[in-house]
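Chemist: I would like the atomic coordinates for the input below:
(chains A and B)
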Number of protein chains: 2
Amino acid sequence: MKVMHYEQIEATPVQMEGAVGCRIRCLIDPDDGAPSFSMRQFQIDPGGHTPKHTHGFEHEVFVLAGSGVVLGRDVEHPLRPGTVAFVPPNQLHQFRNTGTGPLKFLCLIPHPLRGMTDSCTVACGCD
Amino acid sequence: MKVMHYEQIEATPVQMEGAVGCRIRCLIDPDDGAPSFSMRQFQIDPGGHTPKHTHGFEHEVFVLAGSGVVLGRDVEHPLRPGTVAFVPPNQLHQFRNTGTGPLKFLCLIPHPLRGMTDSCTVACGCD
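Modeler: Numbers count the residues shown, from 1 in each chain, chains lettered A, B, ... in the order given. Coordinates of the predicted model:
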C-alpha cells in the first residue's frame, strides 16, 4: 500500500506541444504496481492550458482548486472545485485556466490495453 | 463529454456488510461510456468505516476532506485532504473516519477485465 500526500510527489513541467504553464505529478502509476490505470495531478498557471488534442483513451477528471473551462467540441464547460469531467476516447478537449490562481485537477488514464497502441503514460508527459 | 459538480450526483448508502455510516456517489461509470475504470466518491460519517476486506482489484484513492486512517495489514496510515492511497489487489484494507466531520474521498476501481470474476461495481455498492 502506498500512502502519501500529493504535495510530497514532485511536479514536473508538461513538455507536450501545445501545453502552456502546465505541471504534472504522477501520483499512482505502473511503478507503484498499479495494474489498470494511473492517477495524475495537473496544475495549470493562470492563462495556461493543456494541448487541444484527441487520443484513443479517456480522461476521468476531478477539479481540486481554481477555475477554468474544458473545451469539448464547440462548447466550453465551466470548471470549479468539485467538478467531474469525463472525456470519452477520441473526443477533442482542452483544459484552460481562466482564473487568477492555479487550476488543480486530477486526471486519470488507463494503461495501454485491448490493442491500444498509444502509450498513454508517455503521451501525457508522465513517464 | 460529461461535466457535472459531484454534489449534483445522488449519494446512496453503502449496503455492504461491514460498512457503517458510508455513502457513495457514482461519478463516472459504465453508464457514462467509461471503458476502463469508474470514479466513485465516498463519504463516511464520524465513527464510521468501510468493510475490512480484500478483493482481486485495486483502489486508487484521493482524500478530499476530513481526517481518518486506512488500515493496511497491521499498520494504520493517517489520511488528510490531499492524501493519495494505492491499495493493491488482494490487500486487506479498511477506511475509518477518526475525525469530527465527514471523511470524503475519491475511490477508483477498474472494470472487470483480464479474467477477473468480481463484478467490481456491484462489489463496491455502486450498481
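Chemist: CA only for contacts and neighbour counts going forward, please
Modeler: Will do.
Chemist: Show me where chain A has its strands.
Modeler: Remark: strands assigned in chain A by DSSP state E are A:2-5, A:12-13, A:20-28, A:37-49, A:59-65, A:68-72, A:75-79, A:83-87, A:93-97, A:103-110.
Chemist: Arrange the ones you listed in JSON lines, one row each, with distance to B:G48 as further columns.
Modeler: Below are the strands of chain A laid out as JSON lines (distance: least, CA to CA, whole Å):
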{"stretch": "strand A:2-5", "distance to B:G48": "20"}
{"stretch": "strand A:12-13", "distance to B:G48": "37"}
{"stretch": "strand A:20-28", "distance to B:G48": "26"}
{"stretch": "strand A:37-49", "distance to B:G48": "26"}
{"stretch": "strand A:59-65", "distance to B:G48": "24"}
{"stretch": "strand A:68-72", "distance to B:G48": "35"}
{"stretch": "strand A:75-79", "distance to B:G48": "31"}
{"stretch": "strand A:83-87", "distance to B:G48": "25"}
{"stretch": "strand A:93-97", "distance to B:G48": "37"}
{"stretch": "strand A:103-110", "distance to B:G48": "26"}
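Chemist: Could you point out which of the ones you listed sits nearest B:I9?
Modeler: Nearest of those to B:I9, taken as CA to CA: strand A:83-87 at 10.1 Å.
Chemist: check whether the closest one contacts chain B.
Modeler: Yes - Strand A:83-87 is in contact with chain B by CA under 8 Å from any CA of the partner chain, via A:T83, A:V84, A:A85, A:F86, A:V87.
Chemist: With only the CA atoms kept, save that strand in PDB.
Modeler: This file holds the C-alpha atoms of strand A:83-87, laid out as PDB (Å, rounded to 0.1, in the frame of the first residue of the first chain):
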ATOM      1  CA  THR A  83     -16.400  19.500 -11.000                       C
ATOM      2  CA  VAL A  84     -16.200  16.000 -12.500                       C
ATOM      3  CA  ALA A  85     -15.400  15.600 -16.200                       C
ATOM      4  CA  PHE A  86     -15.400  12.500 -18.400                       C
ATOM      5  CA  VAL A  87     -13.700  12.900 -21.700                       C
END
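Chemist: what about it, distance to the chain center?
Modeler: How far strand A:83-87 lies from its chain's middle: 11 Å, per CA atoms, centre = their mean, to the nearest Å.
Chemist: Then stretch A:37-48?
Modeler: On the basis of CA atoms, centre = their mean, stretch A:37-48 sits 5 Å off its chain's mean C-alpha point.
Chemist: Please export the C-alpha coordinates of that stretch as CSV.
Modeler: Output of stretch A:37-48 as CSV, limited to C-alpha atoms (Å, rounded to 0.1, in the frame of the first residue of the first chain):
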residue,chain,number,x,y,z
PHE,A,37,-4.9,3.0,-14.7
SER,A,38,-2.8,5.9,-13.5
MET,A,39,-3.7,8.9,-11.3
ARG,A,40,-2.0,12.1,-12.2
GLN,A,41,-2.5,15.6,-10.8
PHE,A,42,-2.2,18.7,-13.0
GLN,A,43,-1.6,22.3,-12.1
ILE,A,44,-2.1,25.0,-14.7
ASP,A,45,-1.0,28.6,-14.2
PRO,A,46,-3.4,31.5,-14.8
GLY,A,47,-3.7,31.9,-18.6
GLY,A,48,-2.3,28.4,-19.2
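Chemist: now it: mean pLDDT?
Modeler: Stretch A:37-48 shows a mean pLDDT of 97.
Chemist: what does it rub up against?
Modeler: A:19-30, A:50, A:96-111, A:121, B:37, B:60, B:110 (CA atoms under 8 Å, 6 or more residues apart in numbering or on different chains).
Chemist: Would you mind listing which of those residues are buried?
Modeler: Among the contacts of stretch A:37-48, those classed as buried by 16 or more other CA atoms under 10 Å in any protein chain shown are A:19-29, A:50, A:96-99, A:102-111, A:121, B:37, B:60, B:110.
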